[in-house]
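Peer 1: For reference, the sequence and a predicted model appear below.
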Amino acid sequence: MKVILHDLDWQYSQRLLTKCDAIVEADGKYAPCKGCFGCWVKHPAECFIKDKLQTACRILGRADQLVIITKNLYGTYSTKIKNVMDRTIGTSTPLCVYRQREMHHTLRYGKHALLKVLVYGDITEREKATFIYMVKRNAVNDGYNKSEVLFFHSAAEAERAV
Amino acid sequence: MKTVLVNCSPKKRFSASAYLAALQSFFLKGKKVTKNLRSKKDYTPVFEQLKDADSLVLCLPLYADGPPSHVSAFLEEAELFFLKNNLHPNLYCIANNGFIEGRQNEALMQVMENFCHRAGINWCGGVGIGGGVMLNITRIVFVIQTAIFFIQYIIGIIQTGLFLNTGLLYAFLQNAGLLLFFNSGVLFFLIRMGSAVNKCSVSGKHYTRILLPSFIFILIANIFFTLLSLFQGGLFRGWLKKK
Ligand SMILES: Cc1cc2nc3c(=O)[nH]c(=O)nc-3n(C[C@H](O)[C@H](O)[C@H](O)COP(=O)(O)O)c2cc1C
């Protein structure tokens, strides 16, 4: 399954829907994570906050290919996208193992094929380097076999690269 | 000299960031103020304090390899605040993460450095601490142990009339010493960074962790989460299943 997570408006969603199986639109209309671990220890793969991200981890978890379109913010994801990532740690379980010689959680939905991150907006060289490193870290943490980061001036260019 | 410490954990009580902020504050001289950052309504009190601050110490948890989203939102506002008010304080960062490797905070540290460049403030480095949850538990265990020690000590006096119970004291010191040992890497780097904050100098990036071998840590973490899930009920609600 190919899933797109993006921080653009609904018109993009409509167009992008033809290029994937599911879309998560990061519109910012949801609460940030409260750090309670309830989605691991109380009601697995479900957040106690009743908004559109309550069971979003079940969509992201099933992605063989996850494409993230995000505006750059200091070399990492925009706040709206990061909010979705924080609220969807139910894609993993609370149990820990060694992965690539480091401690990580086991994956509720197993390994994924590709994490592709399309970054748009103003970005410095230093921020690019951070972003490349960040996505590599996410790929190990979330169990993606391959990852890729591409940079674009505008959201429209990023959309074309999906 | 004024330092503002900000505890950025979204948890109201018992956060590792609050513990680390308190520890760091202990090693600081001059005026020090600690504020919480959990939601947008906390921005104004933090900005008020930053108007005349020399240094800002951000204490935050690592979420999905970076700063939590409510911290990203704060950084965006803080960038505008620093630029608008032409302020250039020093920024230090204390990040803690659940996994044992403190180095997993490296991407977060880079983001903080990039933020400083955009906001025109001085990046002075930070400490990335692995095993934050467990370190936090050690301080809670220490408080409980101390309370039990005093209760036993008083009961001992009542029962025997002796004020010096060396056996009891020895056992207490042994346990406290062990907890101190687990925390000694953190203490070392926070003392070092504290002295840099006091001198308004660059501290650099350093990584440390709870001083335990990782295979023991992983075993304890798995037992901890299993027990927690047992009490919270998640164990019986498709704990590891695809949902
Ligand atoms: C949404 C979320 C994401 C997390 N991601 C990571 C991670 O990528 N790596 C890690 O080592 N710990 C991760 N953790 C664990 C926290 O960093 C850890 O629990 C920390 O000690 C919390 O600090 P606090 O008590 O100050 O909030 C995550 C926790 C949450 C709630």
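Peer 2: Received it, and whenever you're ready, just let me know what you need.
Peer 1: how's chain B carved up into domains?
Peer 2: Domain ranges of chain B: B:2-135+B:189-212, B:214-243, per automatic domain parsing.
Peer 1: what about B:Y207, helix or strand, and which?
Peer 2: If you go by DSSP states H and E, B:Y207 is part of strand B:204-209.
Peer 1: Show me the strands in chain B, by range?
Peer 2: For chain B, the strands defined by DSSP state E occupy B:2-7, B:31-36, B:55-61, B:90-97, B:122-130, B:204-209.
Peer 1: right, is stretch A:61-74 up against chain B?
Peer 2: Yes - counting by Cβ under 8 Å from any Cβ of the partner chain, contacts between stretch A:61-74 and chain B involve A:61, A:73-74. In this view, the C-beta of every residue, glycine as well, is placed from N, C-alpha and C.
Peer 1: so which of these comes closest to A:Q14?
Peer 2: Among the residues of stretch A:61-74 next to chain B, A:G61 lies closest to A:Q14 (Cβ to Cβ), at 24.4 Å.
Peer 1: ok, longest helix in chain A?
Peer 2: The residue-count maximum for a helix in chain A (DSSP state H) belongs to helix A:125-142.
Peer 1: Now do that helix: which elements does it pack against?
Peer 2: On a contact count with 3 or more Cβ pairs under 8 Å, 6 or more residues apart in numbering or on different chains; DSSP states H and E, helix A:125-142 meets strand A:102-107, strand A:112-120, strand A:144-152, helix B:106-119.
Peer 1: show me where chain B has helices.
Peer 2: Under DSSP H, chain B gives helices at B:16-26, B:43-50, B:69-84, B:106-119, B:132-160, B:166-199, B:214-232.
Peer 1: Of those, which is nearest B:L5?
Peer 2: For those, the distance to B:L5 is smallest for helix B:16-26, at 4.7 Å, taking Cβ to Cβ.
Peer 1: Now tell me what touches that closest one from outside.
Peer 2: Outside helix B:16-26, the residues within contact range by Cβ atoms under 8 Å, 6 or more residues apart in numbering or on different chains are B:3, B:5-9, B:11, B:32, B:34, B:57, B:59-61, B:94, B:96, B:129, B:132-133, B:135-136, B:139, B:186-187, B:190, B:193-194, B:197.
Peer 1: Give the buried residues for it.
Peer 2: Buried residues in helix B:16-26, defined by neighbour count with 16 or more other Cβ atoms under 10 Å in any protein chain shown: B:16-21, B:23-25.
Peer 1: restrict these to contacts with the ligand.
Peer 2: Under the cut-off given by Cβ under 6 Å from any ligand atom, the ligand has B:16-17 from the buried residues of helix B:16-26 close to it.
Peer 1: Tell me the one of the buried residues of helix B:16-26 nearest B:L164?
Peer 2: Using Cβ to Cβ, these come closest to B:L164 at B:L23, 31.1 Å.
Peer 1: What residues sit buried inside the helix or strand bottoming out on mean pLDDT in chain B?
Peer 2: Every helix and strand in chain B was compared by mean pLDDT, DSSP states H and E; the lowest is helix B:132-160, with a mean of 94. Residues B:132-139, B:145, B:149, B:153, B:156 are the ones in helix B:132-160 that count as buried (16+ other Cβ under 10 Å).
Peer 1: Give me the pLDDT for the residue most central in space within chain A.
Peer 2: In chain A, the residue lying closest to the centroid (Cα atoms, centre = their mean) is A:M85, at 5.1 Å. On the pLDDT scale, A:M85 is placed at 98.
Peer 1: Contact partners for it?
Peer 2: By Cβ under 8 Å, 6+ apart, A:M85 lies in contact with A:77, A:138, B:63-64, B:69.
Peer 1: from the helices and strands packed on helix A:125-142, which stretch is densest packed?
Peer 2: With neighbours defined as mean count of other Cβ atoms under 10 Å in any protein chain shown, the helices and strands packed on helix A:125-142 peak in mean count at helix B:106-119, which reaches a mean of 23.
Peer 1: helices and strands around it, which ones?
Peer 2: Judged by 3+ Cβ pairs under 8 Å, 6+ apart, helix B:106-119 is in contact with helix A:125-142, helix B:69-84, strand B:90-97, strand B:122-130, strand B:204-209.
Peer 1: Nearest to B:L235, out of those?
Peer 2: Nearest to B:L235, of all the helices and strands packed on helix B:106-119, is helix A:125-142, at 23.3 Å by Cβ to Cβ.
Peer 1: Now do the buried residues in that closest one.
Peer 2: For helix A:125-142, by 16+ other Cβ under 10 Å, it's A:127, A:130-142.
Peer 1: A:R99: neighbouring residues, count only.
Peer 2: Residues near A:R99, counting by other Cβ atoms under 10 Å in any protein chain shown, number 14.
Peer 1: Quick check: chain neighbours aside, which residue is closest to it?
Peer 2: Leaving aside its sequence neighbours, A:R99 sits nearest to A:V140 (Cβ to Cβ, 6 or more residues apart in numbering or on different chains; 6.3 Å).
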